[in-house]
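K.L.:
what would the 3D arrangement of this be:
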Amino acid sequence: MGLPSSFAPHVRSGKIRALAVSSAKRMAAFPEVPTLMERAVVGVEYESWYGLFAPAGTPRPVIERLHAELGKVVRDKAYGDEKLGKIGLDPFETPSPAAAAAFLRNFYGTLAVVVKKAGIKAD
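P.N.:
Residues are numbered from 1 along each chain as shown. Now for the predicted structure:
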């Protein structure tokens, strides 16, 4: 288990064999690698992601502009194929800042269940 960027070169070189990905769908960088669900491992789904954050209180127009400009980068096919694809990542874009906030709340809500079930405590 790990970030695609850390194991992609090793999978491509044949040094390691990927058994499955934990995302809901197969990765574009490794279409031959099945998902855990395809391997009959039910109830496990996790995807790594990166995001751009701004300090609380950042003016709405600034947030909107950052979202629009970042969207241009994410939609750039050369960036997706040449930069992200080479390290095993798929571009990800939310349709709006509000959708990004909803995604983040859902992500943390999902992890909160795992943390609680595992009895993990902050020190």
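
K.L.:
contacts, neighbours, all on C-alpha from now
P.N.:
Will do.

K.L.:
now residue 44: which helix or strand?
P.N.:
According to DSSP states H and E, residue 44 maps onto no helix or strand at all.

K.L.:
what about the protein, any weak spots by pLDDT?
P.N.:
1-2 (pLDDT under 70).

K.L.:
what are the C-alpha coordinates of the longest helix anywhere in it, in CSV please?
P.N.:
Counting by DSSP state H, the longest helix found in the chain is helix 97-118. Output in CSV follows, covering the C-alpha atoms of helix 97-118 (Å, rounded to 0.1, in the frame of the first residue of the first chain):
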residue,chain,number,x,y,z
PRO,A,97,-15.1,25.5,-4.5
ALA,A,98,-18.3,24.4,-2.8
ALA,A,99,-18.0,21.0,-4.3
ALA,A,100,-14.4,20.8,-3.1
ALA,A,101,-15.5,21.7,0.4
ALA,A,102,-18.2,19.0,0.3
PHE,A,103,-15.6,16.4,-1.0
LEU,A,104,-13.4,17.3,1.9
ARG,A,105,-16.2,17.0,4.5
ASN,A,106,-17.1,13.6,3.1
PHE,A,107,-13.5,12.4,3.0
TYR,A,108,-13.0,13.4,6.7
GLY,A,109,-16.3,11.9,7.6
THR,A,110,-15.3,8.6,6.1
LEU,A,111,-11.9,8.6,7.8
ALA,A,112,-13.5,9.6,11.1
VAL,A,113,-15.4,6.3,11.1
VAL,A,114,-12.2,4.3,10.5
VAL,A,115,-10.3,6.3,13.2
LYS,A,116,-13.2,5.6,15.7
LYS,A,117,-13.4,1.9,14.9
ALA,A,118,-9.7,1.5,15.2
